[in-house]
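# What follows is a protein structure lacking sequence information:
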């Protein structure tokens, strides 16, 4: 699917409304082997199709309804965070030097929200460039779950 077709086909009602109707959980995962960060606003077991909108960012959407259910960021630690200072500082906290930073963030909900917020800010220009809206839910209304 071309970017022009994506703009006309993919539904972003949940993206633009902060995923209010998806439930109370945001699913967050960092796969250190693949170096991919996943953020899902539906069960991670939900079937999705990934459409890459640039070299790092893939939108994950329902193949039947075409509603965007989350996003993934590839080459996250290797190259993506290096381009975004706020993310780099969160991901490489000096106190976490001897511990895998991904596991620390996954076990610390407050820090996970900071990472998700920083990722949202970093990917917003790419998402807007293809004509889509994005609004990450408020921390007071949702909780983080890892998978």
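Structure's in. What do you need? What you see is a predicted model, and the numbers here were worked out from it, not measured in a lab. Numbering: from 1, shown residues only.

# Show me where this protein has its strands.
Under the criterion DSSP state E, strands of the chain are mapped to 25-31, 36-40, 49-52, 57-61, 68-74, 143-146.

# least reliable of the ones you listed going by mean pLDDT?
The stretch with the lowest average pLDDT out of the strands of the chain is strand 143-146, scoring a mean of 60.

# Export the strands of the chain to TSV and append columns for mean neighbour count.
No exception for glycine: its C-beta is placed from N, CA and C like everyone else's. Output for these, formatted as TSV (neighbours: other Cβ atoms under 10 Å):
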stretch	mean neighbour count
strand 25-31	19
strand 36-40	22
strand 49-52	15
strand 57-61	22
strand 68-74	23
strand 143-146	16
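
# right, and these - which one's nearest residue 108?
strand 143-146 (9.1 Å; Cβ to Cβ).

# counting residues per helix, which one in the chain is longest?
Using DSSP state H, we find that the single longest helix of the chain is helix 109-129.

# helices or strands up against it?
Contact analysis of helix 109-129 by 3 or more Cβ pairs under 8 Å, 6 or more residues apart in numbering; DSSP states H and E lists strand 25-31, strand 36-40, strand 57-61, strand 68-74, helix 85-91, helix 101-107, strand 143-146 as its packing neighbours.

# what would those look like in JSON lines with distance to residue 127?
Shown next, in JSON lines, are the helices and strands packed on helix 109-129 (distance: least, Cβ to Cβ, whole Å):
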{"stretch": "strand 25-31", "distance to residue 127": "17"}
{"stretch": "strand 36-40", "distance to residue 127": "12"}
{"stretch": "strand 57-61", "distance to residue 127": "7"}
{"stretch": "strand 68-74", "distance to residue 127": "8"}
{"stretch": "helix 85-91", "distance to residue 127": "16"}
{"stretch": "helix 101-107", "distance to residue 127": "22"}
{"stretch": "strand 143-146", "distance to residue 127": "21"}
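
# Good, we can wrap up now.
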